[in-house]
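Enquirer: Below are the sequence and a predicted model for it; my questions follow.
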Amino acid sequence: MNILFFGTPEFAREMLETLYQEKYNIVAVVSQPDNFVGRKKIFTLTPTHEFAKDHHIPCLQPEKLKEAVEEVLSYQPDFILSCAYGQFIPQTILEYPKYGCLNIHPSLLPKYRGGAPIHHAIMNGEKETAVSLMKMVKKMDAGDIYAQRVIEIGEDERFYELNRRLIEVAKKIIREDLPLYFEGKLEAIVQDESQVILGLNVTKEEEMVHFQREDIVQLYNHIRALYDWPMAYGIIQGKRVKFISCRKEIVHHSKAVGEVIGLEGKGLKIACQGGYLIVNELQPEGKKAMDAKSVMNGLGRSWVGHCFE
């Protein structure tokens with residue numbers, strides 16, 4: 001069976017590696033184009049391209065997939081598996097494989113269709129999520145579900161931790177559920193359109209936390225949802241401050257919302273609606289990440305008594 005794999009980031013690379021380990025015949029990989037990464041703009045291969053290169057698998061990287069349909073189908077795929085590819089796949093490609101096209105999506109579909117389902121599940125305070133194996137259709141993440149493995153989200157779990165756990169769940173789907181699909185033993189479950197929630201890519205505006213609009217639980221969820229990428233930040237005295245490590249205290253108080261109280265133990269204490277945010281590690285604008293005590297020995301002293309927006 002000729003398998004064509006569509007995917008780009010690290011999550012997808014782990015799926016590609018699992019397919020390879022399970023001895024599937026991967027005839028080619030389709031990835032988003034390589035790009036310049038980081039402040040120093042270092043040209044970097046996408047994780048799936050790097051894996052393909054290391055294992056002598058052809059890798060296609062069209063800027064616009066719709067203009068590369070003929071090249072893609074020249075590999076005569078019998079089955080297509082996709083995970084976090086980053087472009088809509090044309091109907092001509094979806095209709096070609098004998099055994100269909102499936103997508104691995106890290107959410108409890110129909111919740112959180114889109115490119116950032118893990119971020120939004122945490123941000124919204126969800127107690128559970130899943131990895132779904134579903135049929136690919138023209139509409140985004142709307143196909144019938146063949147397998148869905150549910151896990152709980154820890155109360156203090158951050159994006160990178162949950163992402164890592166979901167990768168392991170997704171590997172099980174490839175190892176245990178995908179063979180059942182090929183044997184015709186999985187029932188296709190139609191998604192309930194009335195329950196759809198979108199989990200679209202995190203916008204620049206969503207990276208900012210708002211002490212004046214979000215209560216302590218919402219703030220805490222917002223911050224842990226964006227660690228370790230793209231990182232949440234607040235604004236004080238006109239400057240950005242990224243929040244790296246923090247905890248919440250739910251308690252009644254009479255302090256001004258957003259007010260910097262000072263150090264409490266090893267953390268910077270900030271008054272919020274319904275409690276306090278205790279920030280242990282942060283990164284002021286233009287500086288490297290540092291612990292709260294180091295910040296308060298310098299720039300942070302001017303913050304005391306002032307408020308985050």
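Expert: Perfect, I can see it now. Numbers count the residues shown, from 1 in each chain.
Enquirer: Flag every buried residue along stretch 247-255.
Expert: 248, 249 (16 or more other CB atoms under 10 Å). C-beta: built from backbone N, CA, C; applies to glycine.
Enquirer: So which bits of whichever strand or helix holds residue 134 are buried?
Expert: In the assignment (DSSP states H and E), residue 134 maps to strand 128-135. Of all the residues in strand 128-135, those buried under the rule 16+ other CB under 10 Å are 129, 130, 131, 132, 133, 134, 135.
Enquirer: Check stretch 231-241 too.
Expert: Buried residues in stretch 231-241, counted by 16+ other CB under 10 Å: 231, 232, 233, 234, 235, 236, 241.
Enquirer: Report all helices and strands that the strand holding residue 134 contacts.
Expert: Strand 128-135 sits against strand 101-105, helix 117-123, strand 145-152, helix 159-172, with contacts defined as 3 or more CB pairs under 8 Å, 6 or more residues apart in numbering; DSSP states H and E.
Enquirer: Next, format these as a markdown table and append distance to residue 196.
Expert: As requested, the helices and strands packed on strand 128-135 are exported to a markdown table (distance: least, CB to CB, whole Å):
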| stretch | distance to residue 196 |
| --- | --- |
| strand 101-105 | 13 |
| helix 117-123 | 12 |
| strand 145-152 | 13 |
| helix 159-172 | 20 |
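Enquirer: Quick check: which of the ones you listed is nearest to residue 214?
Expert: Judged by CB to CB, the one of the helices and strands packed on strand 128-135 that comes nearest to residue 214 is helix 117-123, at 10.3 Å.
Enquirer: what residues does that closest one touch?
Expert: Outside helix 117-123, the residues within contact range by CB atoms under 8 Å, 6 or more residues apart in numbering are 105-108, 111-112, 114, 129, 153, 157-159, 162-163, 166, 197-200, 202, 221-222, 224-226.
Enquirer: Average pLDDT for it, rounded please.
Expert: Averaging pLDDT along helix 117-123 gives 98.
Enquirer: Same check on stretch 205-215?
Expert: Stretch 205-215 comes out at a mean pLDDT of 97.
Enquirer: surely residue 293 meets residue 266?
Expert: Yes: with contact defined as CB atoms under 8 Å, residue 293 counts as touching residue 266 (6.2 Å).
Enquirer: re earlier: could you point out which of the helices and strands packed on strand 128-135 sits nearest residue 30?
Expert: Among the helices and strands packed on strand 128-135, the nearest to residue 30 by CB to CB is strand 101-105 (11.8 Å).
Enquirer: what packs against that closest one?
Expert: When contacts are defined as 3+ CB pairs under 8 Å, 6+ apart, strand 101-105 sits against strand 79-83, strand 128-135.
Enquirer: Can you find the helix or strand of this structure with the lowest average pLDDT?
Expert: Least confident element among the helices and strands of the chain, by mean pLDDT, DSSP states H and E: strand 35-37 (a mean of 87).
Enquirer: what's next to the helix or strand containing residue 283, contact-wise?
Expert: Using DSSP H and E, residue 283 falls within strand 275-284. Strand 275-284 is contacted from outside by 215-216, 219-220, 223, 231, 239-251, 253, 261, 264-270, 289-292, 295, 299-300, using CB under 8 Å, 6+ apart.
Enquirer: With stretch 81-90 instead?
Expert: Contacts for stretch 81-90 (CB under 8 Å, 6+ apart): 3-9, 11-12, 15, 19, 30-32, 64-66, 69, 80, 101-105, 115, 136, 138, 140, 170, 178.
Enquirer: What subset of these is buried?
Expert: The buried subset of the contacts of stretch 81-90 - by 16+ other CB under 10 Å - is 3-9, 11-12, 15, 19, 30-32, 65, 69, 80, 101-105, 115, 136, 140, 170, 178.
Enquirer: Among these, which ones are in helices?
Expert: 11, 12, 15, 19, 69, 170, 178 (DSSP state H).
Enquirer: Cheers, nothing more for now.
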